[in-house]
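K.L.:
just a sequence and a predicted model for now, questions to come.
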Amino acid sequence: MADFVAAVDQGTTSTRCMIFDHGGNEIARHQLEHQQIMPQPGWVEHNPVEIYERTSAVLQTVMNGRGLCASDLAALGITNQRETTVVWNRRTGRPYYNAIVWQDTRTDRIASALDADGRGDVIRAKAGLPPATYFSGGKIQWILENVPGVREAAEKGEAIFGNTDSWLVWNLTGGVDGGIHVTDVTNASRTMLMNLETLDWDDELLGFFGVPRQMLPEIRPSADPDLYGYTLDHGPLGGRVPLAAVLGDQQAAMVGQVCLRPGEAKNTYGTGNFLLLNTGTELVRSKNGLLSTVCYKFGDQPAVYALEGSIAVTGSAVQWLRDQLGIIQGAAQSESLARQVPDSGGIYFVPAFSGLFAPYWRSDARGAIVGLSRFNTNAHIARATLESICYQSRDVAEAMEKDSGVKLEVLKVDGGVTANDLCMQIQADVLGVPVSRPVVAETTALGAAYGAGLAVGFWSNADELRQNWNESRRWQPEWTDEQREKGYRCWQKAVSRTLDWVDVS
């Protein structure tokens, strides 16, 4: 029997392949960044061809580095940046346009128009999402309306859509030679086009965006015993491996953190932050700015739902310090720089580069650093950046408590930013609850591996996964209640200064 499960984690800034054993231990990994294309303010794009090339390269490198062959793998799972939209020609395999990334704000007028005439309420009721630039539906509409020839090709069934999961599955299973055009329920639930109750594309929602149904992939379970397909003999894995699971990245992190019971929650710190709460088979509709979304669906079992608070800019704010401001040379340096000062010196940084997501949903907002004086240094800016990650997470945690009635007793965390010990201490201080990091912090890839392994019987049930989970470190709150509430009041005041900056009417 095969000893390992592989996972591809196709993220916003990079693609990695990780291989895990039955104990959930990381055996190997390789990771490559891809280009961030920003042709105009607010526009963020990726090259889909580059993304598939990077995916192939990390798969090949991991296999070769460990001396593995396809028969060593029980299955392959895929997890991906959600909402990032690719439209390509099924005959040629060529994208019609760059992938439009989830952070992109060019569709703000599309989103505003939906809310202005009442269609937004229908989208909220059916898809569990507010009309926002974040989701795929408006991005597909923009490509159909602005890229010559795509509308006609879509009507003929030649132009097809997918988030990056569909693009990878199609290429890995054959591409123009029989590639399978599918997605899973978690990715489909991020389009504004899927009905959360029927788990199928909704004709009324398709009509709102002018999207032909024939463009869309078949919706499948997240972990599918019937399989998505097999990788190719001549593909990057060098043989046929069952492709058994697909999950959007944040849902994959829920599985990786083994948050499989109602009431269990996690916060993933990546390019953005994503706090999810498992609500079980009950579809809970938010009244406080959160998203209702599919958490996962395993085989023919009922779908499990979640409440989600999505924050657009957290880790990418640290990347901004590196790439745009040039005050650090690497993400790790943000911690050492921030440690040079005891606090942020009275400044607050609201990184609303893509507007504000949960719980505000304000596409008119833009980033601001407030409270500056001659006293402040780049160290204060670095610390304010880490604090902004934590305050945005508190915004979402408070909304989640109001919606669910569940009060956080401990916050499970994962993702790249959790390597920053200072940031995690600030998070515990801002929330007033302990913060717990697992041994395997890259739970997004682990969740994709778990889904694939469950589908093919590599793991038999959730209890086996729970036995694999181990805590690496826990941070306890150190601030007084007075410190915590004063800081949060000032944060809310700073947020108010970012609103109404861009005219989206």
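P.N.:
Good, I have the coordinates.

K.L.:
going by C-alpha atoms from here, please, whenever you check contacts or count neighbours.
P.N.:
Noted.

K.L.:
could you say what helices and strands the helix or strand where residue 437 lies packs with?
P.N.:
Per DSSP states H and E, residue 437 falls inside strand 435-438. Applying 3 or more Cα pairs under 8 Å, 6 or more residues apart in numbering; DSSP states H and E, one finds that strand 435-438 contacts strand 411-414, helix 421-431, strand 471-475.

K.L.:
pull out the buried residues from the helix or strand that comes right after that strand.
P.N.:
Following strand 435-438 in sequence order, the next helix or strand is helix 443-456 (DSSP H and E). By neighbour count on 16 or more other Cα atoms under 10 Å, the buried set for helix 443-456 is 443-456.

K.L.:
please apply the same query to stretch 321-333.
P.N.:
Buried-residue list, stretch 321-333, by 16+ other Cα under 10 Å: 321-322, 327-328, 331, 333.

K.L.:
neighbours of the spatially closest residue to residue 35 that is not a sequence neighbour, how many?
P.N.:
In space, and not counting its chain neighbours, residue 35 is closest to residue 46: 6.5 Å by Cα to Cα, 6 or more residues apart in numbering. Residues near residue 46, counting by other Cα atoms under 10 Å, number 22.

K.L.:
show me the contacts for residue 46.
P.N.:
With contacts defined as Cα atoms under 8 Å, 6 or more residues apart in numbering, the neighbours of residue 46 are 34-37, 98-101.

K.L.:
residues contacting residue 58?
P.N.:
15-17, 30-32.

K.L.:
the helix ranked longest in the chain packs against which elements?
P.N.:
Using DSSP state H to define each element, the chain has its longest helix at helix 378-404. Counting contacts by 3+ Cα pairs under 8 Å, 6+ apart, helix 378-404 packs against strand 273-280, strand 304-311, helix 315-320, helix 333-338, strand 348-350, helix 421-431.

K.L.:
show me what the third one is in contact with.
P.N.:
So the one you mean is helix 315-320. Residues contacting helix 315-320 (Cα under 8 Å, 6+ apart): 269-273, 330-331, 334, 351, 382, 385-386, 389, 417.

K.L.:
and residue 179, that's in a helix?
P.N.:
No. Applying DSSP: H, G, I helix; E, B strand; the rest coil, one finds residue 179 to be coil, outside a helix.

K.L.:
shouldn't it be in contact with residue 166?
P.N.:
No. Taking Cα atoms under 8 Å as the definition, residue 179 is not a contact partner of residue 166, at 9.9 Å.

K.L.:
who has more neighbours out of these two?
P.N.:
Neighbour count, other Cα under 10 Å: between residue 179 and residue 166, residue 166 has more, with 27 against 21.

K.L.:
and residue 452, what is it in contact with?
P.N.:
5, 75-77, 223-224, 243-246.

K.L.:
swap in 7 Å and give it another go.
P.N.:
Residue 452 makes contact with 75-77, 223, 244-245, according to Cα atoms under 7 Å, 6 or more residues apart in numbering.

K.L.:
any regions of the chain where pLDDT drops low?
P.N.:
Applying pLDDT under 70 to the chain flags residues 1, 504-505.

K.L.:
which of the contacts of residue 452 has the most neighbours?
P.N.:
residue 245 (35 neighbours).

K.L.:
helix, strand or coil for that residue?
P.N.:
strand.

K.L.:
distance of it from residue 63?
P.N.:
Going from residue 245 to residue 63 by Cα to Cα, to the nearest Å gives 19 Å.

K.L.:
residue 6: helix or strand, and which one exactly?
P.N.:
strand 4-10.

K.L.:
what's in contact with that strand?
P.N.:
In contact with strand 4-10 (Cα under 7 Å, 6+ apart) are residues 15-22, 72-81, 445, 448-449, 453.

K.L.:
go with 6 Å
P.N.:
15-21, 73-80, 445, 448-449 (Cα atoms under 6 Å, 6 or more residues apart in numbering).

K.L.:
and stretch 332-346, how far out from the chain middle?
P.N.:
Relative to its chain's centre, stretch 332-346 lies at 27 Å (Cα atoms, centre = their mean, to the nearest Å).

K.L.:
go through that stretch and flag the buried ones.
P.N.:
333-338, 344-345.

K.L.:
if we can go back for a sec, quick check, nearest of the contacts of residue 452 to residue 422?
P.N.:
Nearest to residue 422, judged by Cα to Cα, of these is residue 77 at 32.6 Å.

K.L.:
any idea what sits nearest residue 314, other than its immediate chain neighbours?
P.N.:
residue 272 (4.7 Å).

K.L.:
right, and the one you found touches residue 310 too?
P.N.:
No. The pair residue 272 and residue 310 fails to qualify as a contact (Cα atoms under 6 Å) at a distance of 7.5 Å.

K.L.:
and these two? Which one has more around it.
P.N.:
residue 310 (26 against 18).

K.L.:
for that one, give its distance to residue 437.
P.N.:
Taken as Cα to Cα, the span from residue 310 to residue 437 is 20 Å.

K.L.:
that older thread, just the contacts of residue 46: which are in strands?
P.N.:
99-100 (DSSP state E).

K.L.:
can you put the contacts of residue 46 in a markdown table and add neighbour count and distance to residue 365?
P.N.:
Formatted as a markdown table, these follow (neighbours: other Cα atoms under 10 Å; distance: Cα to Cα, whole Å):
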| residue | neighbour count | distance to residue 365 |
| --- | --- | --- |
| 34 | 17 | 27 |
| 35 | 13 | 26 |
| 36 | 14 | 22 |
| 37 | 15 | 22 |
| 98 | 18 | 25 |
| 99 | 26 | 24 |
| 100 | 27 | 20 |
| 101 | 27 | 18 |
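
K.L.:
okay, the contacts of residue 46 in TSV with distance to residue 145 next?
P.N.:
Shown next, in TSV, are the contacts of residue 46 (distance: Cα to Cα, whole Å):
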residue	distance to residue 145
34	27
35	25
36	23
37	21
98	15
99	15
100	14
101	17
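
K.L.:
determine which two of the contacts of residue 46 are furthest apart.
P.N.:
Once Cα to Cα is applied, the contacts of residue 46 give 34 and 100 as the farthest pair, at 14.1 Å.
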